[in-house]
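# Sequence and computational prediction follow.
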There are 2 protein chains.
Amino acid sequence: MDLRQLEYFLAVVEHGGVHRAAAALRVAQPSLSQSLRRLERDLQTDLFHRVGRGLVLAPAGEALVGPARQMLRTLGSAYDAVREVRDLEAGRIDVAALADLSADPAAIWVAQFRVANPRVSARIEERGAVSQVAELVPPASARSA
Amino acid sequence: MDLRQLEYFLAVVEHGGVHRAAAALRVAQPSLSQSLRRLERDLQTDLFHRVGRGLVLAPAGEALVGPARQMLRTLGSAYDAVREVRDLEAGRIDVAALADLSADPAAIWVAQFRVANPRVSARIEERGAVSQVAELVPPASARSA
DNA sequence: GGCCGTTACGGCCTCCGTAATCATG
DNA sequence: CATGATTACGGAGGCCGTAACGGCC
């Protein structure tokens, strides 16, 4: 079973025919017809009764409508959730470095980073020894993500 | 986005690595690796941080776990719902026929049907004229499915 | 060197479109 | 005939496996 097949299946159900559904989806009719066939083959049952030159939902098709709608809704929310964290990606980043590093390379890197990620605030901590730098990062148990 | 990609993604998350997930899914490691890459390309963001020789969830990956689980759950329920109506397919069927038809062919057809579909009860109504047969089928507004 | 993840490549299947066929009103 | 659904067929892309490569312990 494939999400695209479910999308096409629902389009056929809602538009009441392959022809209208294909026009709404901007695809060719044979593509929809083949997709339905594959879906029916996968489910080992007919989803529509072929009556005359039209289609009417078979019992198995009715059983599929609900789950199919829910899956496509969840699909949309999945894209939304990912897009949100991808686009916003806001937060704060702390850069700890030894003093001599912070002078030349680190400051430039941070500057470039801030230009590239304007929604993230950056801060530099200077320390003289490696052990002091290490103390600045909290233990794993206290980190969130 | 593809349901198979989501299944693989969740397997990697839950088993904590491509190697273990591939073993659990009985597929080759490169297939999983490619699947993850394609999913990340589709979503235009990294789902994991590649740290050392392991993978840890990136923010976008965390956002995807919930919807992915829900979609796979719904996928299972969709298969179940379809299988139920396909296998059981219980109900009642009424056969209306003219008297001379009910004698020879119809009775044999019904008998064969009952052998093939033991969960469906069948009944034969005999009538003398076509108009009387037609009266037995309720109007479309009264039919359920 | 061993382990784990990632390309590289070849085969198979799915998906789509165009063209042709069939059935129905 | 006109409409709508279904095959026939060729090309593009996805998925999987085997083989080869790269990077940490």
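Done, it's in.
# which one is A:R38 nearest to, not counting chain neighbours?
Spatial nearest neighbour of A:R38, chain neighbours left out: A:Q5 (6.5 Å); criterion: CB to CB, 6 or more residues apart in numbering or on different chains. Every C-beta, even on glycine, is put in place using the N, C-alpha and C of the backbone.
# can you list contacts of the host helix or strand of that neighbour?
Using DSSP states H and E, the element containing A:Q5 is helix A:3-15. The contact list for helix A:3-15 (CB atoms under 8 Å, 6 or more residues apart in numbering or on different chains) reads A:18, A:21, A:24-25, A:27, A:31-32, A:35-36, A:38-39, A:42, A:47-48, A:55, A:57, A:61, A:64-65, A:68-69, A:71-72, A:75, B:1-3.
# How about it and DNA strand D, any contact?
No: for helix A:3-15, no contact with DNA strand D is found by CB under 7 Å from any atom of the strand; the gap never falls below 7.7 Å.
# ok so, going back, for the residue nearest to A:R38, give me the pLDDT.
On the pLDDT scale, A:Q5 is placed at 94.
# what does A:A24 give?
According to the predicted model, the pLDDT of A:A24 comes to 93.
# Look at it and say how many residues are nearby.
Using other CB atoms under 10 Å in any protein chain shown, the number of residues around A:A24 comes to 12.
# Let me see the contact set for it.
With the criterion set at CB under 8 Å, 6+ apart, A:A24 makes contact with A:A11, A:H15.
# Whichever strand or helix holds it: what's the following helix or strand?
In this structure, A:A24 is located in helix A:18-25 according to DSSP H and E. Counting by DSSP H and E, the next helix or strand C-terminal to helix A:18-25 is helix A:29-43.
# returning to that earlier point: what are the buried residues along the helix holding A:Q5?
Under the neighbour-count criterion of 16 or more other CB atoms under 10 Å in any protein chain shown, helix A:3-15 has A:L3, A:Q5, A:L6, A:E7, A:Y8, A:F9, A:L10, A:A11, A:V12, A:V13 buried.
# How about stretch A:70-85?
Using 16+ other CB under 10 Å as the test for burial, stretch A:70-85 gives A:Q70, A:M71, A:L72, A:T74, A:L75, A:A78, A:A81, A:V82, A:V85.
# And for stretch A:13-23?
Of the residues in stretch A:13-23, those scored as buried under the neighbour-count criterion (16+ other CB under 10 Å) are A:V13, A:G17, A:V18, A:A21, A:A22.
# got the end-to-end distance for it?
Its first and final residues considered, stretch A:13-23 spans 14 Å by CA to CA, to the nearest Å.
# So that stretch, near DNA strand C or not?
No: interface with DNA strand C: stretch A:13-23 contributes nothing (CB under 7 Å from any atom of the strand), its closest point being 7.6 Å away.
# Which single residue of chain A ends up nearest DNA strand C?
Proximity to DNA strand C, evaluated over chain A using CB to the nearest atom of the strand, is greatest for A:G52 at 3.0 Å.
# burial measure for that residue, as a count.
Residues near A:G52, counting by other CB under 10 Å, number 6.
# With A:V56 instead?
Neighbours of A:V56 (other CB under 10 Å): 13.
# Confirm that it sits in a strand.
Yes: per DSSP: H, G, I helix; E, B strand; the rest coil, A:V56 lies within a strand segment.
# wait, what's in contact with the nearest residue to it once chain neighbours are set aside?
Nearest-residue entry for A:V56: A:H49, 5.1 Å, with adjacent residues in sequence omitted and distances by CB to CB, 6+ apart. Contact partners of A:H49, counting by CB under 8 Å, 6+ apart, are A:L55, A:V56, A:L57, A:A58.
# how about the residue of chain A closest to DNA strand C, phi and psi?
Geometry field for A:G52 lists phi and psi as phi 60, psi -130, criterion degrees, to the nearest 10.
# In contact with it, which residues?
Applying CB under 8 Å, 6+ apart, one finds that A:G52 lies in contact with no residue.
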